[in-house]
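[1] quick one: sequence plus predicted model below, questions after.
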Amino acid sequence: MEQFQKQYALAFLLTVLTCACGFAQTSTGEPLRPQWCRELPRPEYAKLERVNINADWFEVYRIRPGVFAIYEPHQFEEVISYLILGSKRALLFDTGLGIGRISDVSARLTRLPITVLNSHTHFDHTGGNAEFFDILDEDTPFTRTNEQGQSNIYSRDALAPERICGHLPPGVQANSYSIRPFRVSHRVQDGERIRLGNRELEIIFTPGHTPDSLSLLDRKHGLLFTGDTFYPGPIYLFTPETDFDAYTKSVARLAKLAPKLKLLLPAHNVPVATPEFLDRLEKAVAQVRSGAVRPMVTEGRREYSFQGFSLLLAIN
Ligand SMILES: [Zn+2]
């Protein structure tokens, strides 16, 4: 363990040392743009309806009637969870980083009983799961592993100073931050419907980014919650759990839905995107596969850039 800690410390030092130039790679393998904090707030937010909830860590935006984006702008991932209300129940699509208490925020937005569903089980989407009792997830080995939580030694890098913009909530520190384990109450299937009263949501399995990635469709209102399958920014497709063949099929599946959609609601950076991005994403993936576009190679990643997003793949 001591040897591991030394290796970790060395990796962390390398992270800090490489931060000054473009993407820097951390010990967890995530790229970091050193200028990210200075570029906030993102201009898209000025057009959105902000909801005042008196929370330091989160910002809340009303995207549609009964659809709230719960945004964490003070950490590099800029993760976005969504609270979706029906007449009888509410669904919380992801629970964020677990740095602030998302259950406090959701309780201020609704008194309805809340069910949690994860777009996938990467730590930045399950951090608040342990605050809830009713949790839906897929049944994959990857999911079951992540249900055990993530110890501080793997989690603390997310709270390193260069990854935080502003202040952490009182009492939260990098050296004690971890992802708490959680218990899944129901295993969902592809195509399953979640009934919230006057709103119905449809689960679409979209493996690729991770084996347990899923998207959430509100067919009646033309809304598609895309998780990490699409967001405006560098889409992470470089970790060992990513399957680019599966991702290609999932993107094609979502692109078929585009004509009937009005809005995409991604899980990072900005909570609104036009459905045409799905067609562009499908074409982008095809161009990567055929070799029609050249990547920029930085810090052990291949980045294929397109208008409004990029695909970040591992070097084989
Ligand atoms: Zn992810």
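    On my side now, so go ahead. Numbers count the residues shown, from 1 in each chain.

[2] any chance you could map the helices in the protein?
    Here the chain has its helices, by DSSP state H, at 2-17, 102-109, 123-126, 141-146, 152-155, 244-257, 276-290.

[3] what residues does the residue nearest to Pro295 when sequence neighbours are not counted make contact with?
    The shortest distance from Pro295 to any non-neighbouring residue, by Cβ to Cβ, 6 or more residues apart in numbering, is to Arg302 (3.6 Å). Any C-beta I mention is one placed from the backbone N, CA and C, and that applies to glycine too. By Cβ atoms under 8 Å, 6 or more residues apart in numbering, the contact set of Arg302 is 295-296, 312-315.

[4] and the protein, which of its residues are near the ion?
    122, 228 (Cβ under 5 Å from the ion).

[5] before we move on, the earlier item: out of the helices of the chain, which is closest to Trp57?
    Trp57 lies closest to helix 102-109 among these, at 8.7 Å (Cβ to Cβ).

[6] buried ones in the closest one?
    102-103, 105-106, 109 (16 or more other Cβ atoms under 10 Å).

[7] again, but for stretch 41-57
    For stretch 41-57, by 16+ other Cβ under 10 Å, it's 45, 48, 55, 57.

[8] how close does the first one sit to Val272?
    So that's Tyr45. As judged by Cβ to Cβ, to the nearest Å, Tyr45 and Val272 stand 10 Å apart.

[9] circling back: which of the contacts of Arg302 count as buried?
    295, 312-313.

[10] out of those residues, which is nearest to the ion?
    Leu312 (11.7 Å; Cβ to the ion).

[11] is it true that Gln148 touches Ile179?
    No - contact criterion Cβ atoms under 8 Å: Gln148 and Ile179 do not qualify, at 9.1 Å.

[12] taking the buried ones among the contacts of Arg302 one by one, which sit in strands?
    312-313 (DSSP state E).

[13] how about the buried ones among the contacts of Arg302 in a markdown table, adding pLDDT and distance to Leu254?
    Formatted as a markdown table, the buried ones among the contacts of Arg302 follow (pLDDT from 0 to 100; distance: Cβ to Cβ, whole Å):
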| residue | pLDDT | distance to Leu254 |
| --- | --- | --- |
| Pro295 | 96 | 23 |
| Leu312 | 96 | 19 |
| Leu313 | 97 | 19 |
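
[14] burial of the closest residue in space to Pro266 that isn't next to it in sequence, as a residue count?
    Leaving aside its chain neighbours, Pro266 sits nearest to Tyr231 (3.5 Å; criterion: Cβ to Cβ, 6+ apart). Per other Cβ atoms under 10 Å, the neighbour tally for Tyr231 reads 24.

[15] which residues touch Tyr231?
    266-270, 273, 309.

[16] okay, those in a markdown table with pLDDT, distance to Thr126 and neighbour count next?
    Converted to a markdown table, the contacts of Tyr231 look like this (pLDDT from 0 to 100; distance: Cβ to Cβ, whole Å; neighbours: other Cβ atoms under 10 Å):
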| residue | pLDDT | distance to Thr126 | neighbour count |
| --- | --- | --- | --- |
| Pro266 | 98 | 17 | 26 |
| Ala267 | 98 | 12 | 30 |
| His268 | 98 | 15 | 23 |
| Asn269 | 97 | 19 | 19 |
| Val270 | 97 | 21 | 21 |
| Ala273 | 98 | 23 | 21 |
| Phe309 | 98 | 24 | 21 |
